[in-house]
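Peer 1: fold the following and give me the result.
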Amino acid sequence: MAFEVRPAPDDDHPEATPLPLPPGLPILQGAEHLARALAESKASAVAASALESIVIGADTVVVAEEGILGKPTGAGDAARMLRMLSGRRHHVVSAVAVLQSSKALRLVDSGVTAVWFRDLREHEIAAYVATDEPLDKAGAYGIQGRAALFVDRLEGDYFTVVGLPLVRLAALLERAGVRML
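Peer 2: Here you go, the predicted model:
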């Protein structure tokens, strides 16, 4: 099956951190609500000009005790986030949306994974930030890159931490009539 990658129009702009939490919800529920809304918004922006296509949108947020973290606004913000996560558990929430405008199809799902970072040394944080790898990642790290060395353990789905929960995506695509195997 052929596919095309089309970034959502505002996908290149880092999000302010911490991100606002929907009122009245516990933080993890609020983070899931937010990630779902962002994934659906990205997919909707692309689906508006691709009426017959099945469009996939995804978004990820990181939840620490201090609040919800999106993408860092720069190197200093990335270092601040990594210090915040150092030696602690946090949660990663990734949502995925599958839309097809011509069929009024709107499917959204999300997952949460707990991640424990080992204690990070200041020179490790500085070296990692200097790679620019954390600058476009929620929570300022990518588990699939150099930050894999920071992760002591995780509980849940690795691909949720990567930012595209593949099992959930496959289930949504099956519901949309796309055979995966």
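Peer 1: now do the same contact list for Val46.
Peer 2: Counting by C-beta atoms under 8 Å, 6 or more residues apart in numbering, Val46 touches Arg6, Ala8, Val55, Gly57. Bear in mind the C-beta positions are built from the backbone N, C-alpha and C, glycine included.
Peer 1: which SSE is His90 in?
Peer 2: Assigned by DSSP states H and E, His90 falls within strand 89-100.
Peer 1: which strands border that strand, and is each parallel or antiparallel?
Peer 2: strand 55-64 (antiparallel), strand 105-117 (antiparallel) (DSSP bridges).
Peer 1: now do the buried residues in that strand.
Peer 2: Under the neighbour-count criterion of 16 or more other C-beta atoms under 10 Å, strand 89-100 has His90, His91, Val92, Val93, Ser94, Ala95, Val96, Ala97, Val98, Leu99, Gln100 buried.
Peer 1: least confident secondary structure element in the chain?
Peer 2: Within the chain, judged by mean pLDDT, DSSP states H and E, the helix or strand with the poorest mean is strand 67-69; its value is a mean of 89.
Peer 1: what's the closest non-adjacent residue to Glu133?
Peer 2: Gly145 (5.2 Å; C-beta to C-beta, 6 or more residues apart in numbering).
Peer 1: just to revisit the earlier point, next secondary structure element downstream of the least confident helix or strand of the chain?
Peer 2: Counting by DSSP H and E, what follows strand 67-69 is helix 75-85.
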